[in-house]
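**Q** Show me how the following folds:
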Amino acid sequence: MTKTTVFTLAAATALAILLTGCSSSEPKATSQGVVAMTLKASGGVTAGSPMAAAAGVAADSMGPKSATIVISAISARQTGGDWVPVGGSFPQTVDLLALVASGGGASLPAGALQEGSYDALQITITSASLTLQDDTIVTITPPGGGWVVLIPVAFEVVAGQETKITLNLRCDSSFKFANGEFEFEPEIEVEDVENEEP
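**A** The predicted model follows:
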C-alpha cells in the first residue's frame with residue numbers, strides 16, 4: 001500500500017467520524033417563555049344608552065343579561081414583523097357582562113412563545129351575541145373570518161419566565177345599534193404587562 005493510499009484512507013475515515021458526530025448531535029432547543037393573558041371588560045350596556053333603548057330595555061332595568069363572544073385565536077408579532085400563534089385551547093367563550101358585574105377577568109389559553117421582543121397582539125373573535133331581558137338572543141353577524149383586533153403592546157418573552165398581559169374590552173363602545181341592527185366593533189386596550197418566574 002502506498003503512502004498516498006494510506007493518507008486517502010485516513011482522511012476518509014476522519015471525515016466519516018466527523019460527519020457521524022454532526023449527524024448524531026441533537027438540534028439546539030429554542031428558548032421559550034410562557035405568555036398568559038387575562039381579559040377584563042368594562043362599561044357594559046346600561047339603561048338609558050342608545051343600545052339599551054333599541055333593545056326595548058325598560059328604564060329601570062340593567063340592560064341585556066349577557067354579551068358573549070367567542071375567541072378563536074391569538075397571535076403575537078415579533079419586533080421583526082413575523083406573526084406567531086399563541087398556542088392554547090381555542091375557541092374560548094367569554095361572557096363580557098359577567099366580567100363587568102364581577103370586576104374580574106377571564107384567563108385566556110396560555111401558550112409558549114420564542115424568547116424575544118414583541119410589539120403587538122392580534123385577537124380573532126368569530127362570534128358575538130346578546131341575550132336580552134326577555135331571553136331573546138341577538139346574534140351579530142361577523143365579517144368574513146371574524147373580527148380581527150390589532151392591539152399594540154410592547155413586551156418581552158424571557159426563557160423560563162411567564163409574561164402576564166391584562167387586556168380590557170370596552171363594552172360600552174364595542175357594542176352599537178345602527179341602521180336598525182346591532183353591531184360589534186371590539187375595542188380592546190392593554191391594562192398591564194408584567195414578567196415573573198413561573
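
**Q** Could you tell me which strand of this structure is the longest one?
**A** When the chain is parsed with DSSP state E, its longest strand is strand 116-131.

**Q** Report the mean per-residue pLDDT for it.
**A** Taken as a whole, strand 116-131 has a mean pLDDT of 97.

**Q** Would you tell me what the next helix or strand after it is?
**A** Downstream of strand 116-131, the next assigned helix or strand under DSSP states H and E is strand 137-140.

**Q** what comes into contact with that following strand?
**A** 55, 127-132, 182-184 (CB atoms under 8 Å, 6 or more residues apart in numbering). (Each C-beta comes from the backbone N, C-alpha and C, glycine too.)

**Q** Looking at those residues, which is nearest residue 71?
**A** Closest approach to residue 71 among the contacts of strand 137-140 (CB to CB): residue 127, at 9.1 Å.

**Q** helix or strand for the residue nearest to the spatial centre of the chain, which one?
**A** Note on the chain: the residue nearest the mean C-alpha position is residue 74, at 2.9 Å, using CA atoms, centre = their mean. Residue 74 belongs to strand 66-78 when assigned by DSSP H and E.

**Q** Could you list the paired strands of that strand along with their orientation?
**A** Here strand 66-78 is paired, per DSSP bridges, with strand 83-85 (antiparallel), strand 92-95 (antiparallel), strand 116-131 (antiparallel).

**Q** Now the last one: buried residues?
**A** What that stands for is strand 116-131. 116, 118, 120-131 (16 or more other CB atoms under 10 Å).

**Q** And residue 40, how close does it get to residue 146?
**A** Distance of residue 40 to residue 146, given as CB to CB, to the nearest Å: 21 Å.

**Q** Give the closest residue to the residue nearest to the centre of the chain in space, chain neighbours not counted.
**A** residue 86 (4.4 Å; CB to CB, 6 or more residues apart in numbering).

**Q** Tell me how far residue 167 lies from residue 128.
**A** Using CB to CB, one obtains 16 Å as the distance from residue 167 to residue 128.

**Q** the strands in the chain, which residues?
**A** For the chain, strands defined by DSSP E occupy the ranges 32-42, 66-78, 83-85, 92-95, 106-107, 111-114, 116-131, 137-140, 147-157, 162-170, 175-178, 181-184, 188-196.

**Q** Nothing else from me, thank you.
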